[in-house]
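**Q** The following comprises the amino acid sequence and a computationally predicted model.
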Amino acid sequence: MTDIDSDQGVSREDLQEQIEWLNTLNADWRQWNWTRARKEYTDLFGDTIAPGEDYLRRDCGQAFDEHVKLSQRSMARMLHALFEGNSTLQALARQLRQQVESNTMEVMRKALESLRPPAVPDL
């Protein structure tokens, strides 16, 4: 992982794999997603998100009407704290991600099979 305290921050691409790991631990409807700020926000840790800046948002609350917002900087710091030097958590996240991808592929395969027309018997 790159230096999380640099003035330039961490790129979106550098964070994406670890965000996907983190998302494997959440239900599909509670995923961290990228969005662009329309106005200035203050994230969960007090970091400012400027208008036009990409940040991460996770829906929460009973009616999905509450949102947790994290700037790229805050997410980089959180992911660094969770995953850096934690090979057990990294391995678990990779394993869960592979399982989710496998399950998704199986569902897609079954859906495609169900769309095939029935075989016509030879006469």
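**A** That came through, no problem.
**Q** what's the offset of the longest helix that the chain contains from the middle of its chain?
**A** Longest helix in the chain, counting residues (DSSP state H): helix 87-115. In terms of C-alpha atoms, centre = their mean, to the nearest Å, the centre of helix 87-115 is found 15 Å from the chain centre.
**Q** Now that helix: average pLDDT?
**A** Regarding helix 87-115, the rounded mean pLDDT is 80.
**Q** For the remainder of this discussion, apply numbering that starts at 54.
**A** Shifting the count to begin at 54 puts that one at helix 140-168.
**Q** How about it, which residues are buried there?
**A** Within helix 140-168, the residues that count as buried by 16 or more other C-beta atoms under 10 Å are Q143, A146, R150. Where you see a C-beta, it was placed from the backbone N, CA and C, and this is true even at glycine.
**Q** Take the residues you listed and write them to CSV, including distance to Y108.
**A** Listed next are the buried residues of helix 140-168 as CSV, based on distance: C-beta to C-beta, whole Å:
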residue, distance to Y108
Q143, 24
A146, 22
R150, 23
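**Q** Just name the closest of those to K122, please.
**A** Nearest to K122 among the buried residues of helix 140-168 is A146, at 22.4 Å by C-beta to C-beta.
**Q** so what pLDDT did the closest residue in space to L142 that isn't next to it in sequence get?
**A** Spatial nearest neighbour of L142, chain neighbours left out: F136 (6.0 Å); criterion: C-beta to C-beta, 6 or more residues apart in numbering. F136 is assigned a predicted lDDT (pLDDT) of 82.
**Q** can you give me the helices for the chain?
**A** Using DSSP H, helices in the chain cover 65-76, 125-136, 140-168.
**Q** Which elements pack onto the last one?
**A** In this structure, helix 140-168 makes packing contacts with helix 65-76, helix 125-136, judged by 3 or more C-beta pairs under 8 Å, 6 or more residues apart in numbering; DSSP states H and E.
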